[in-house]
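Q: for reference, the sequence and a predicted model appear below.
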Amino acid sequence: MKGLKTGFLAAALLTTAPAMAQVHVGVILSLTGPAASLGIPERKTIGLFPKTIDGEAIKYTILDDGSDPTTAVKDARQLIEQDHVDVILGPSITPNGLAIIDVVAEKKVPDIAIVPSISNPVTAQTRWVFSTPQSNALMAHAVVQNMLKHGYTKVAFIGFSDAYGEGWWKAFSADAKAHGITVVDKESFARTATSVTGQALHIVGAKPQAVLVAASGTPAALPARALKQVGFNGQIYQTHGVANPDFLRVCGADCNGTLLPVAPGLVATQLPDSTVFKAAARTMDQTFEKAYGNTVSQFTVNAWDSGVLLEHALPVALKVAKPADKTAFRGALRDALEGLKDVPGADGIYTMSATDHNGLDARAVVMVRIENGAWKLVK
């Protein structure tokens, strides 16, 4: 098996699928709504996935959850109960990923989520869930270390008033406190908000040296712009949830100098040659760029690696059960995903276990600075 990890995607697309029982992959993405800037590049990425793996035909059914958790649950039930999928990839955003956990657990269908921090800790519910992006804890630690490097000891926080923002608050505040950084103000805003001027003024009044914005997609540009408008001149940090071209376009010059932690695959060409998974990251970068131009995002990387994990796990599962036996095959695929070791992806090296369904370590995080609409690796 060579597959995604060695650049088989382009060749696989030319392979004629054999006439046999197929593996059915369900996909839930936010193709419309506030998170569309995440879901659209993810859909493009999944369009590059192979039509056969290990001799088995693969069928993909993609549904749009409209950036809404309730719709995500409906989509999950449709994919499982009506379309009889063997595995789900997605959703695109944390609230939706959390919303479908009970469904996949009840129906015993593995889910390779492309949102962070929903697969761990592994419990009776989350044992069917795996995730490709770096955890909030990993990313928050990188932010804290960068703040310490620059001598920032008084910082503020503003994040989404949902699971994404609260997840980041929990991870960041704990790490900051452990390293002697004081959070002088905490603010929140809705994904659909049109103004955060009040929150920005409150932050400026607290006199922080730096501000972390914990939001995703283009809505994260709102507080960055508001802070600049009310006169904040300190350092602004964002999360990996903004690492896509649409955010750069919307935020424009207001985001010059912004620092954020991202997947190494976002800056594949800038990685040191000593990076052990650079070849895997470059494969993703080159394949996506050939198809769609230079528009790779964090969400491209996360979606790509869902295919990497699937491509590694399927051959193992097929030795235990076949797609014709749904119950046995879904269970075998779950077990195969949990058993993956040292799998190179564009996000990093994945090593899963019964207690870790993300499998990434500190090698999976790099810091970048936004400079004139581009990501520049902080070395």
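A: Received the coordinates, thanks.

Q: I'd say residue 58 and residue 46 touch.
A: No - with contact defined as C-beta atoms under 8 Å, residue 58 does not reach residue 46; the gap is 10.9 Å. In short, each C-beta sits where N, CA and C put it, glycine included.

Q: wait, residue 213 touches residue 220, no?
A: Yes - in this structure, residue 213 is within contact of residue 220 by C-beta under 8 Å, at 5.6 Å.

Q: anything in contact with each of the two?
A: Common neighbours of residue 213 and residue 220 (criterion: C-beta atoms under 8 Å, 6 or more residues apart in numbering): 238-239, 242.

Q: after the longest helix seen in the chain, next one along is what?
A: Ranked by number of residues, the top helix in the chain under DSSP state H is helix 298-318. Toward the C-terminus, helix 298-318 is succeeded by helix 326-338 as the next helix or strand (DSSP states H and E).

Q: so for that following helix, mean pLDDT?
A: Helix 326-338 comes out with an average pLDDT of 98.

Q: over to stretch 368-379?
A: In this model, stretch 368-379 has a mean pLDDT of 95.

Q: next, count neighbours for the residue lying closest to residue 81 once chain neighbours are set aside.
A: Ranked by C-beta to C-beta, 6 or more residues apart in numbering and with sequence neighbours excluded, the top spatial neighbour of residue 81 is residue 107, at 7.6 Å. Residue 107: 18 surrounding residues under other C-beta atoms under 10 Å.

Q: any idea how far residue 107 lies from residue 114?
A: Counting by C-beta to C-beta, to the nearest Å, the gap from residue 107 to residue 114 is 19 Å.

Q: ok, residue 306 touching residue 114?
A: Yes - Residue 306 is in contact with residue 114 according to C-beta under 8 Å; the separation is 5.5 Å.

Q: how about low-confidence regions in the stretch 51-200 of the chain?
A: For the stretch 51-200 of the chain, no stretch has pLDDT under 70.

Q: where do the helices sit along it?
A: With DSSP state H, counting those that start in this stretch as the criterion, the stretch 51-200 of the chain has helices at 69-77, 94-99, 101-107, 136-149, 163-178, 197-205.

Q: let me have those helices in a markdown table, adding distance to residue 262 as columns.
A: Below are the helices of the stretch 51-200 of the chain laid out as a markdown table (distance: least, C-beta to C-beta, whole Å):
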| stretch | distance to residue 262 |
| --- | --- |
| helix 69-77 | 25 |
| helix 94-99 | 17 |
| helix 101-107 | 26 |
| helix 136-149 | 8 |
| helix 163-178 | 14 |
| helix 197-205 | 24 |
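
Q: of all these, which one comes closest to residue 341?
A: helix 136-149 (18.9 Å; C-beta to C-beta).

Q: and the closest one, what other elements does it pack with?
A: Counting contacts by 3 or more C-beta pairs under 8 Å, 6 or more residues apart in numbering; DSSP states H and E, helix 136-149 packs against helix 163-178, strand 235-238, strand 259-262.

Q: go again using 10 Å as the cut-off
A: The contact analysis (3 or more C-beta pairs under 10 Å, 6 or more residues apart in numbering; DSSP states H and E) places helix 136-149 against strand 154-160, helix 163-178, strand 210-214, strand 235-238, strand 259-262, strand 366-370.
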